[in-house]
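Undergrad: I'd like to go over a predicted model; first the sequence, then the structure.
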Amino acid sequence: MAIDIKTMVYTVAVFGVNSFIFGIVAENKKPPSGNPQTSTDADHIICNYPSDPTVVLGFLSIASLALSILVGYYSVFYPYKGKSVPRYVFFRSMTFSVFFVITLALSMLAAGMLSWVTISELLHLTNNVHQDMTTTCPTAKAGLFGGAAFLALNASLFWLICLLLVDDIRTDYFEEQEDSKSQVFTTDYDAKQQSTV
């Protein structure tokens, strides 16, 4: 079975939606804070956090977003039906160029934010001994997982827009190629007719 743009669109969308769902569930499962317990020597506090899947869901969201980005980038320049288009042809279109740059920036922003919030949550859970006796045993700030999840969804939607633009550019390019071939054939035919007269 040959890979077509529709298959790539569905693949990018599925990974993007998975990243969004994992991020939203991580936001909802994240505890607001841990339970501070004073040590037996009363010189530090140990934070006990309830068991939750936030960090695992965060890393799954990052992985899904990474796959969405990789498939999206790969699918933009993929030679569908064995016909490749030179890369410069895509960037002749101002609309595609602008959307492609915005999509790359949005993808990197989403990946960075998801990574930052997941790693900060992991650090809160692993570095749970504090010398500050007034600590409240914090977790990652509320709303960061949700915001990062929406950025991930937006990034995958922008990849879908890029793929729609790619489909139009490919169609136009191959129509131009056919027109130029037929024009060369017509010119060649006319030249042969002139020489025989």
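TA: The structure has been received and is ready for your questions. Every value quoted in this text rests on a predicted model; they were computed, and no experiment measured them.
Undergrad: element containing the residue most central in space within the chain, please.
TA: What sits nearest the mean C-alpha location of the chain, by Cα atoms, centre = their mean, is Ile69, with 3.8 Å. In the assignment (DSSP states H and E), Ile69 maps to helix 54-77.
Undergrad: same thing with Thr103?
TA: Using DSSP H and E, the element containing Thr103 is helix 94-126.
Undergrad: cool, Ala148 as well?
TA: Per DSSP H and E: helix 144-196 holds Ala148.
Undergrad: quick one: low-confidence parts of the protein?
TA: 1, 180-197 (pLDDT under 70).
Undergrad: related to what we said a few turns ago, between the helix holding Ile69 and helix 94-126, how many degrees?
TA: Inter-element angle recorded for helix 54-77 and helix 94-126: 160 degrees (by axes from the mean of the first three to the mean of the last three Cα atoms, to 10 degrees).
Undergrad: report the buried residues of helix 54-77.
TA: 54-55, 57-62, 64-69, 71-73, 75-76 (16 or more other Cβ atoms under 10 Å). Glycine gets a C-beta too; all of them are placed from N, C-alpha and C.
Undergrad: stretch 47-55 too?
TA: Residues of stretch 47-55 classed as buried: 47, 49, 54-55 (neighbour count, 16+ other Cβ under 10 Å).
Undergrad: residues near Asn154, how many?
TA: The burial count assigned to Asn154 is 18, neighbours taken as other Cβ atoms under 10 Å.
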